[in-house]
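**Student:** fold the following, please.
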Amino acid sequence: MNVMVVLGHPRRGSFNHGIAEAVVATLREEEHEVWFHDLYRERFDPVLPHEEISVGAKLDPLVALHCRELAACDGLVIIHPNWWGQPPAILKGWIDRTFRSGVAYHFSSGDSGEGIPTPLLRAHEALVLNTTDTPAERESAAFGDPLDTLWKNCVLRYCGIRSVVRKTYGVVVTSAPEQRCRWLDDVRFQVKASFPRTLRPAHH
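**Tutor:** Model (predicted):
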């Protein structure tokens with residue numbers, strides 16, 4: 001199974017980076033092929049230029065690579081902090097530039113964009129892992145958990161990924177090392193549950 005892993009956090013050594021390391025290591029232990037992208041380290045440009053919007057437009061080489069991997073992956077893992085109920089800008093820009101018409105979805109002939117698109121992504125499973133400094137009860141009561149709606153309904157299922165699991169770890173800012181270790185154990189559990197090892201037939 002080819003799994004694309006995308007990390008959006010600016011500080012190396014952050015707990016988000018620890019999550020990403022656990023995800024990548026677990027996927028490889030389960031014998032999956034991993035395509036890992038640290039957007040900040042790659043200096044991914046989140047700004048979508050007008051010239052890039054149309055189907056068939058010439059793409060920046062890094063954007064083109066991400067589009068090819070997004071279209072070809074069997075599974076997707078996205079890791080980022082909750083900033084104002086949204087992903088960091090670099091990750092929002094990654095959505096704008098890679099979840100594009102002709103890659104993630106397309107409209108039928110004669111549809112100018114007002115209809116319901118046909119999803120194109122081949123991936124069936126996605127795992128979204130977030131960190132937060134807002135207690136879960138307050139996030140739900142005060143804000144309605146906008147990240148859940150964004151990833152599940154507005155982006156991933158819209159483009160054909162039907163099984164979307166989202167986990168949030170927090171409150172990070174006050175967490176002890178022991179708690180973070182338990183969270184990383186849960187990350188490994190979630191990865192194995194979403195992307196189980198493919199059983200190969202025995203050779204006789």
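**Student:** for this structure, which helix or strand comes out least confident on mean pLDDT?
**Tutor:** Across the helices and strands of the chain, mean pLDDT, DSSP states H and E gives its lowest value to helix 136-138, namely a mean of 75.
**Student:** by contact count, what packs against it?
**Tutor:** Helix 136-138 sits against no helix or strand, with contacts defined as 3 or more CB pairs under 8 Å, 6 or more residues apart in numbering; DSSP states H and E. Using the backbone N, CA and C atoms, a C-beta is placed for each residue, glycine as well.
**Student:** report the distance from whichever helix or strand comes after it to the chain centre.
**Tutor:** Downstream of helix 136-138, the first helix or strand assigned by DSSP states H and E is helix 146-149. Computed by CA atoms, centre = their mean, to the nearest Å, the separation of helix 146-149 from the middle of its chain amounts to 13 Å.
**Student:** hmm, back to that, who touches the least confident helix or strand of the chain?
**Tutor:** 168, 170 (CB atoms under 8 Å, 6 or more residues apart in numbering).
**Student:** go through it and flag the buried ones.
**Tutor:** Neighbour counts over helix 136-138 (16 or more other CB atoms under 10 Å) mark no residue as buried.
**Student:** next: stretch 177-193.
**Tutor:** Result for stretch 177-193 [16+ other CB under 10 Å]: buried residues 183-184, 187-188, 190-191.
**Student:** name the SS class of the residue sitting nearest the centre point of the chain, please.
**Tutor:** When CA atoms, centre = their mean is applied to the chain, the residue found nearest the centroid is Ile78 (2.4 Å). Ile78 falls in the strand class when you classify it by DSSP: H, G, I helix; E, B strand; the rest coil.
**Student:** from Asn130, how far out is it?
**Tutor:** Relative to Asn130, Ile78 is positioned 9 Å away (CB to CB, to the nearest Å).
**Student:** where does pLDDT dip in this protein?
**Tutor:** Across the chain, the ranges flagged by pLDDT under 70 are 199-204.
**Student:** longest helix of it?
**Tutor:** Longest helix of the chain, by residue count under DSSP state H: helix 177-194.
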